[in-house]
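Chemist: below is the sequence, then the predicted model.
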Amino acid sequence: MAMKTRSAFTDLIAFFGALAVALAPYRRWLILGLVLLIVLPMPFVVKNFFVFQLTLAMVYAIAILGLNLLTGFNGQFSLGHSAFYAIGAYTAAILMDQYDVAYYWTLPIAGIICFVAGFLFGLPALRLEGIYLALATFALAVAMPQILKLSPFEHWTGGVQGIVILKPNAPFGLPLNPDQWLYYFTFAVMLALFLCAYNLVSSRTGRAIKAIRDNSIAAKAMGVNLSLYKSLTFGVSALYTGVAGALGGIVVQFVAPDSFTFALSVALFVGLVVGGVGSIAGALFGAWFVLFVPNIAEHISKGLAGAVYGIMLILLIYLMPSGLAGLVRLVVMRFARASR
Amino acid sequence: MELFLHQVLAGIATGGIYACMALAIVMIYQAIDHLNFAQGEMAMFSTFIAWQLIQWEVPYWAAFFITLAVSFAGGYLIERIIMKPIHNAPILSHVALFIALFAVINSLAGFIWEYQIKSFPSPFGTHSVLGEGLISAHDAGMTGVTVTLLVFLFLFFRYTRIGLAMRAAAANPESARLVGIRVEWMLALGWGMAASIGAVAGMLIAPVVFLEPNMMASILLYGFAGAVVGGLTSPGGAVIGGVLVGIIENLAGTFIPYVGSELKLSIALALIVFVLTVKPSGLFGRSVVHRV
């Protein structure tokens, strides 16, 4: 009896393995189709608040992807990405509030400003590695809310109060409410940025970036310009996070210094690890984790919310030490082996 | 000039706190080769245990040593139960685990002892010994304990078999195992010792900043900064780094007009980043040479 169930089980695995191998050439399109099938009807199925949360999750996913480009693909550690997120959010808010710029134009501007900021910060960071780089970026994260509160900038930043902005309406008379429209808008931006990231890391430049992570001395010997690539990666990473910040500001309709503390950096970092370091799709899962799990933890126990969250995080790391992406890779490999 | 001197003295007094924390950080770095982000919370929890013992009318010094023992056991158990299963996971997973530990310990302390601040007794008294309210007996006592601890640690890591074994286990686990060191035991021992030193730091700091679950947040920050400025490989450097951070923080708050008081933390951190870009391994740290 035991033998029989076991062989049925292996048959099943072999079947799925064969299926996976047969579909492998079309894998990318299948996944994209499946994602679209789930994502597109969502705003009409669930409540508005949940649509808002899903939008925010996509915003976080972009930010986590930005961090992933730096940490996962280039091997530079950063605890300062909340600062770039803040710069992006404030750029969007100030442009919309003071200069009446349309919301969609704020994204590229925020991206460019953050790219420059990231590139410039990446230059001194070239001398630092590992834990020392972590401290330097950490200093950036801690300083940013205080800089935003400074009285000389209050005219633009609104000081401690922050800036309130209005949610954009759907264009072309589409029958969508602002939450639904922003959901689709964010999804489109996210899709474009994910595709760009995918192409970047599989290009010649991407190989140079990864070579630096794997062995910087060998990369240098092969003719990779370490300083240029490292600071460029810092810039691109900040660009992604800055666009996420701008989107986040628009979605939440409010920016204030205390939304962009070190805790945000920690959240992005946790999302990175949970989703999978060096995985592009993992960023989305990581974003869901950091957005929804604290709520779930609060639901389970008000007083011990932090403890429940921590224990869930610990269990998740036990289950998949290299993130969800690592687990998926492992499972796919098992199936492929069984079908052989 | 007098103002300057006063601020330097006050800086040394607060710097003593940071030095204490920085020492605990460097200690665990030597023993496990990681920076433990949950270190401050572990120290806070230990301090709460001591406070609870004192509430149960245990004499101060008895409570002190019981807390050290309990913390040692706690640190040991954390390593055995929580850290060991993912020993081979990537380093970023370890950092995420430290963050999880941070959340768990902080939330547990708040749940058990609640969030209102509590005062914690000082074994040295609080009268001034130098200047008008600048350096109190407690500050002096704290500095004394930190320096004593430093000397002991120095001797321990340099001259005892077990201290050398611990350093070897942290620096190069494979080779250490080959020469017969039980690497896993050394790691657990390191966690235990780090927890105890953290407990000492917590109990010395608590009379100054008062006891509550979030008391360590900013101190851990400055402690990290001090440890990194001094060099993570050097306990003495960590103490000097901690004191330096205290002095810089105080001077920046007083003498840089306009932004000084608002940005004193940022200025201290900016200076640290500057020090690091000039001397990447810290003021007293050894620079690590990699074999190609």
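Modeler: It's in.

Chemist: now the closest residue to chain B within chain A: closest residue in space that isn't a chain neighbour?
Modeler: Nearest to chain B, among the residues of chain A, is residue A:306, at 2.8 Å (C-beta to the nearest C-beta). C-beta: built from backbone N, CA, C; applies to glycine. Leaving out its chain neighbours, the residue that sits closest to residue A:306 by C-beta to C-beta, 6 or more residues apart in numbering or on different chains is residue B:107, at 2.8 Å.

Chemist: buried sites along the host helix or strand of that neighbour?
Modeler: With elements taken from DSSP states H and E, the one containing residue B:107 is helix B:91-113. For helix B:91-113, a neighbour-count test (16 or more other C-beta atoms under 10 Å in any protein chain shown) marks B:92-111, B:113 as buried.

Chemist: rounded mean pLDDT for it, please.
Modeler: Mean pLDDT, computed over helix B:91-113, is 84.

Chemist: output the contacting helices and strands for it.
Modeler: helix A:262-275, helix A:305-319, helix B:39-55 (3 or more C-beta pairs under 8 Å, 6 or more residues apart in numbering or on different chains; DSSP states H and E).

Chemist: can you give me the neighbour number for the residue of chain A closest to chain B?
Modeler: By the criterion of other C-beta atoms under 10 Å in any protein chain shown, residue A:306 has 24 neighbours.

Chemist: please write out the alpha-carbon positions of stretch A:290-298 in CSV.
Modeler: Provided in CSV are the C-alpha atoms of stretch A:290-298 (Å, rounded to 0.1, in the frame of the first residue of the first chain):
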residue,chain,number,x,y,z
VAL,A,290,6.1,43.7,4.4
LEU,A,291,2.7,45.3,3.7
PHE,A,292,0.3,42.6,4.8
VAL,A,293,2.1,40.5,7.4
PRO,A,294,2.3,43.3,10.0
ASN,A,295,-1.5,43.8,9.6
ILE,A,296,-2.1,40.0,10.0
ALA,A,297,0.2,40.0,13.1
GLU,A,298,-1.8,42.9,14.6
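
Chemist: do it and chain B meet at all?
Modeler: No - counting by C-beta under 8 Å from any C-beta of the partner chain, chain B has no neighbours in stretch A:290-298; the shortest distance is 9.0 Å.

Chemist: now the end-to-end length of stretch B:165-185.
Modeler: Taking C-alpha to C-alpha, to the nearest Å, the first and last residues of stretch B:165-185 lie 10 Å apart.

Chemist: list the buried residues for that stretch?
Modeler: Buried residues in stretch B:165-185, counted by 16+ other C-beta under 10 Å: B:165, B:166, B:167, B:168, B:169, B:170, B:173, B:176, B:181, B:183, B:185.

Chemist: how far off centre is the host helix or strand of the first one?
Modeler: Right, the one you point to is residue B:165. Secondary structure from DSSP H and E places residue B:165 in helix B:161-171. Its chain's C-alpha centre and that of helix B:161-171 lie 20 Å apart, by C-alpha atoms, centre = their mean, to the nearest Å.

Chemist: contacting residues around that helix?
Modeler: B:30-33, B:156-158, B:175-176, B:179, B:181, B:183, B:186-187, B:189-190 (C-beta atoms under 8 Å, 6 or more residues apart in numbering or on different chains).

Chemist: show me what the one helix or strand residue B:270 maps to is packed against.
Modeler: Per DSSP H and E: residue B:270 is located in helix B:264-278. Packing partners of helix B:264-278 (3+ C-beta pairs under 8 Å, 6+ apart): helix A:130-149, helix B:217-230, helix B:235-255.

Chemist: hey, C-alpha coordinates of that helix in CSV?
Modeler: Taking Å, rounded to 0.1, in the frame of the first residue of the first chain, the C-alpha atoms of helix B:264-278 are listed here in CSV:
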residue,chain,number,x,y,z
LYS,B,264,23.2,66.8,16.0
LEU,B,265,22.7,63.1,15.2
SER,B,266,23.1,63.7,11.5
ILE,B,267,26.2,65.8,12.0
ALA,B,268,27.7,63.1,14.2
LEU,B,269,26.9,60.5,11.6
ALA,B,270,28.2,62.6,8.7
LEU,B,271,31.5,63.0,10.5
ILE,B,272,31.6,59.2,10.9
VAL,B,273,31.0,58.7,7.2
PHE,B,274,33.8,61.2,6.6
VAL,B,275,36.2,59.3,8.9
LEU,B,276,35.3,56.1,7.2
THR,B,277,36.0,57.4,3.7
VAL,B,278,39.4,58.6,4.8
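
Chemist: for that helix, buried residues please.
Modeler: Within helix B:264-278, the residues that count as buried by 16+ other C-beta under 10 Å are B:264-273, B:275-277.

Chemist: on that earlier part again, if we look at the helix or strand following the helix holding residue B:165, which residues are touching it?
Modeler: The helix or strand immediately downstream of helix B:161-171 is helix B:173-178, counting by DSSP H and E. Applying C-beta under 8 Å, 6+ apart, the external contacts of helix B:173-178 come out as B:165, B:168, B:169, B:183, B:186.

Chemist: state the distance from the nearest residue to the fourth one once chain neighbours are set aside to chain A.
Modeler: Once flanking residues are discounted, residue B:183 sits nearest to residue B:169: 4.5 Å by C-beta to C-beta, 6+ apart. With distances defined as C-beta to the nearest C-beta, to the nearest Å, the gap from residue B:169 to chain A amounts to 19 Å.

Chemist: could you tell me the model confidence score at residue B:169?
Modeler: 82.

Chemist: now the one 3 residues further on
Modeler: On the pLDDT scale, residue B:172 is placed at 80.

Chemist: how much space separates it from residue B:181?
Modeler: According to C-beta to C-beta, to the nearest Å, residue B:172 stands 10 Å off from residue B:181.

Chemist: then residue B:271?
Modeler: 39 Å.

Chemist: same check on residue A:223?
Modeler: Per C-beta to C-beta, residue A:223 is found 42 Å from residue B:181.

Chemist: kindly report the same for residue A:99.
Modeler: Applying C-beta to C-beta, the value for residue A:99 to residue B:181 is 65 Å.

Chemist: helices of the stretch 1-150 of chain B, start to end?
Modeler: Using DSSP state H, counting those that start in this stretch, the helices found in the stretch 1-150 of chain B span residues B:2-32, B:39-55, B:60-77, B:91-113, B:137-159.

Chemist: what's the weakest-modelled helix or strand in the chain?
Modeler: Picking chain A for this. The helix or strand of chain A with the lowest confidence, counting by mean pLDDT, DSSP states H and E, is helix A:2-23 at a mean of 69.

Chemist: I was thinking of chain B, sorry if that wasn't clear
Modeler: The weakest-scoring helix or strand in chain B, judged by mean pLDDT, DSSP H and E, is strand B:128-130 (a mean of 62).

Chemist: interface residues of the stretch 201-340 of chain A facing chain B?
Modeler: Residues of the stretch 201-340 of chain A lying close to chain B by C-beta under 8 Å from any C-beta are A:217, A:266, A:269-270, A:272-274, A:277, A:303-311, A:313-314, A:317-318, A:321-322.
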